[in-house]
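**Student:** Below is the structure, and that's it, no one-letter string:
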């Protein structure tokens, strides 16, 4: 019985560690997506300025 409790405790710790790791990766992914979105907006702005200059 004690061995089962030890296994359960180890499994719970592993699950908590995996969740923390997944949460950290989710945060990194969100930051990367925000950076991509920001870069796209900047690129769109630059393209728009050049198109406006070409039309004048």
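**Tutor:** Thanks, I have the structure now. Computed from a predicted structure; not experimentally measured.
**Student:** how much space between residue 34 and residue 15?
**Tutor:** Between residue 34 and residue 15 the distance, using C-beta to C-beta, to the nearest Å, works out to 29 Å. Placement of C-beta: from N, CA and C, glycine included.
**Student:** So which bits of stretch 16-26 are buried?
**Tutor:** Of the residues in stretch 16-26, none is buried by neighbour count under the rule 16 or more other C-beta atoms under 10 Å.
**Student:** Now do it, average pLDDT.
**Tutor:** Taken as a whole, stretch 16-26 has a mean pLDDT of 99.
**Student:** where does the residue nearest the centre of the chain land in three-state SS?
**Tutor:** What sits nearest the mean C-alpha location of the chain, by C-alpha atoms, centre = their mean, is residue 29, with 1.3 Å. The three-state assignment at residue 29 reads helix, by DSSP: H, G, I helix; E, B strand; the rest coil.
**Student:** Mind telling me what element residue 32 is part of?
**Tutor:** Following DSSP states H and E, the helix or strand that holds residue 32 is helix 2-54.
**Student:** by contact count, what packs against that helix?
**Tutor:** Using 3 or more C-beta pairs under 8 Å, 6 or more residues apart in numbering; DSSP states H and E as the contact test, no helix or strand touches helix 2-54.
**Student:** Can you give the distance of it from its chain's centre?
**Tutor:** Remark: helix 2-54 is offset 1 Å from the chain centroid, using C-alpha atoms, centre = their mean, to the nearest Å.
**Student:** Distance-wise, check the residue nearest to the centre of the chain relative to residue 36.
**Tutor:** As defined by C-beta to C-beta, residue 29 lies at a distance of 10 Å from residue 36.
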